[in-house]
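[1] curious how this folds, go ahead:
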Amino acid sequence: MTIGQFFKLRNTTAVPAKIKVKIVGMKMGQEMTNARFMVWLKRKEKARGTELRQAVGKGVVWGEDITMSSTLYRDKNTGRFKQKRYSVVVIRDSGEYFGTCEINVGTDVEEVNIPLAECKDEYARIRLAISVHLNDDDYL
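    Alright, predicted model coming up:
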């Protein structure tokens, strides 16, 4: 642990958790029929992805869950979790990156539309939801 990590994580409690990100779908500004896409959830060396899905018109529907184990850090003073950022990467069947966004998995999130950065389609939005299941029984 570096000195920076030490100061960032002092006054926190490590809590093991299962993170579930539901990839609902993606809307685009241009028609992409016949293109296929997949979504990857990444953090450092961890990565999990969806199946390749065919675009229909200006959209893609996945309806898939990506689940990963993670350690969240709860602030001892406030009881809230520190932010933990994951990358969501949309990839075309050719292996080319279509777009990316970042999400904070430290809290549950209802379905939201998030704009994709680094994307040639400025109207592309991915729809997802985040749920966190804690593995600590001692916290109410």
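[2] now the strands for this protein?
    Using DSSP state E, the strands of the chain run over 12-27, 36-43, 46-49, 53-54, 59-75, 85-92, 97-104, 109-115, 125-134.
[3] can I get those strands in a markdown table with mean pLDDT and mean neighbour count?
    In this view, the C-beta of every residue, glycine as well, is placed from N, C-alpha and C. As requested, those are exported to a markdown table (pLDDT from 0 to 100; neighbours: other CB atoms under 10 Å):
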| stretch | mean pLDDT | mean neighbour count |
| --- | --- | --- |
| strand 12-27 | 95 | 18 |
| strand 36-43 | 97 | 19 |
| strand 46-49 | 95 | 14 |
| strand 53-54 | 96 | 17 |
| strand 59-75 | 94 | 16 |
| strand 85-92 | 96 | 18 |
| strand 97-104 | 96 | 18 |
| strand 109-115 | 94 | 13 |
| strand 125-134 | 95 | 18 |
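[4] let me know whether residue 111 touches residue 131 as I believe.
    No - the criterion here is CB atoms under 8 Å, and residue 111 misses it with residue 131 at 11.0 Å.
[5] which residues do these two both contact?
    Listed as contacting both residue 111 and residue 131 by CB atoms under 8 Å, 6 or more residues apart in numbering are residue 22.
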